[in-house]
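Colleague: Need coordinates for the below:
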Amino acid sequence: MVQKAVREKAIPIRLACAIFSVSETCYHYEAKNNVQNELIANWLIRLTDNNRSWGFGLCYLYLRNVKNYTWNHKRIYRIYRELELNLRIKPRKRLVRDKPDALVVPLSINQVWSMDFMHDQLQDGRSIRLFNVIDDFNREALPNSMRTLRDSPLFKSNKNPELAKIINTPNIDLYAVNVAFNMLEDKAEFEYLNNLPTSFALPPEAVDRLRAAAKKIIFDSPEVKKAMTSYGSKIINK
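Modeller: Numbering: from 1, shown residues only. You can find the predicted model right below:
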């Protein structure tokens, strides 16, 4: 207002300052920080462009400790906010995924089959890898699936050396063992186990009864007895 009065009304500076209660020192003051502010802004833009993961703290420490500038951190942060550098990192948006189609439920056997490899390790440290083919309708595994694939004309006519390990794989007999509570003869035990909640924290009594029931079901399974007989073994300490 003092400068406008002096410029437009041709009032002396001393009189204009007295009218508006402004000191002559304040009237003659000119900001000397514009050049330094531009330098700070240039440094901040350069640092954030070259180092996109840097925030204000790293930029300030770089200017202070590496470039030995003595600018106040409040001043640097004010320019940092004026440049809107504190808003440049946008939150990651979540991808909107379409709901997958429901799996087809087979209505009878031999309609839909699933296959996968299963890895396991024997007690002596040897590793085994099984190729499993399962009918999605009755959940029964295809016996001797590896043997059937190996003896097929497709494998016999293929001369690819990469298939040598598969072709020379020894025969493996698969025995599907069905383990279910309804195989228990004791109806009271069946009702107790079948009503247990699905949880990783069960009372000790429930855990012991589950282990005992699983042991009985497995050892009484005809497939287990058949497998043990085929290998000339028998179950002891039953």
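Colleague: Strands along this protein, start to end?
Modeller: With DSSP state E as the criterion, the chain has strands at 113-121, 127-135.
Colleague: Just name the most buried of the ones you listed.
Modeller: A comparison of the strands of the chain by mean neighbour count, using mean count of other Cβ atoms under 10 Å, puts strand 127-135 on top with a mean of 14. Yep, even glycine has a C-beta here, placed from its N, CA and C like the rest.
Colleague: Give me the contact list for stretch 224-236.
Modeller: 173, 175, 177, 218-219 (Cβ atoms under 8 Å, 6 or more residues apart in numbering).
Colleague: Where does the prediction get shaky in this structure?
Modeller: Residues of the chain meeting the criterion pLDDT under 70: 30-33, 88-91, 122-123, 142-174, 235-238.
Colleague: let's go with 90 and repeat that
Modeller: 1-38, 48-56, 70-72, 75, 81-207, 209-238 (pLDDT under 90).
Colleague: Residue 17 - how many residues pack around it?
Modeller: 20 (other Cβ atoms under 10 Å).
Colleague: same deal with residue 205?
Modeller: Neighbours of residue 205 using other Cβ under 10 Å come to 9.
Colleague: check contacts around it.
Modeller: By Cβ under 8 Å, 6+ apart, the contact set of residue 205 is empty.
Colleague: re earlier: could you dump the contacts of stretch 224-236 into a markdown table and include neighbour count?
Modeller: Shown next, in a markdown table, are these (neighbours: other Cβ atoms under 10 Å):
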| residue | neighbour count |
| --- | --- |
| 173 | 11 |
| 175 | 15 |
| 177 | 12 |
| 218 | 15 |
| 219 | 12 |
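Colleague: I'd like the residues you listed written out as JSON lines, with distance to residue 69 added.
Modeller: Below are these laid out as JSON lines (distance: Cβ to Cβ, whole Å):
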{"residue": "173", "distance to residue 69": "78"}
{"residue": "175", "distance to residue 69": "77"}
{"residue": "177", "distance to residue 69": "75"}
{"residue": "218", "distance to residue 69": "76"}
{"residue": "219", "distance to residue 69": "80"}
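Colleague: any idea how far the residue most central in space within the chain lies from residue 201?
Modeller: Residue closest to the average C-alpha location in the chain (Cα atoms, centre = their mean): residue 94, at 13.5 Å. For residue 94, the distance to residue 201 (Cβ to Cβ, to the nearest Å) stands at 33 Å.
Colleague: out of the strands of the chain, nearest to residue 18?
Modeller: strand 113-121 (94.2 Å; Cβ to Cβ).
Colleague: What residues of stretch 39-50 count as buried?
Modeller: Neighbour-count burial for stretch 39-50, counted by 16 or more other Cβ atoms under 10 Å, picks out 40-41, 43-44, 47-48.
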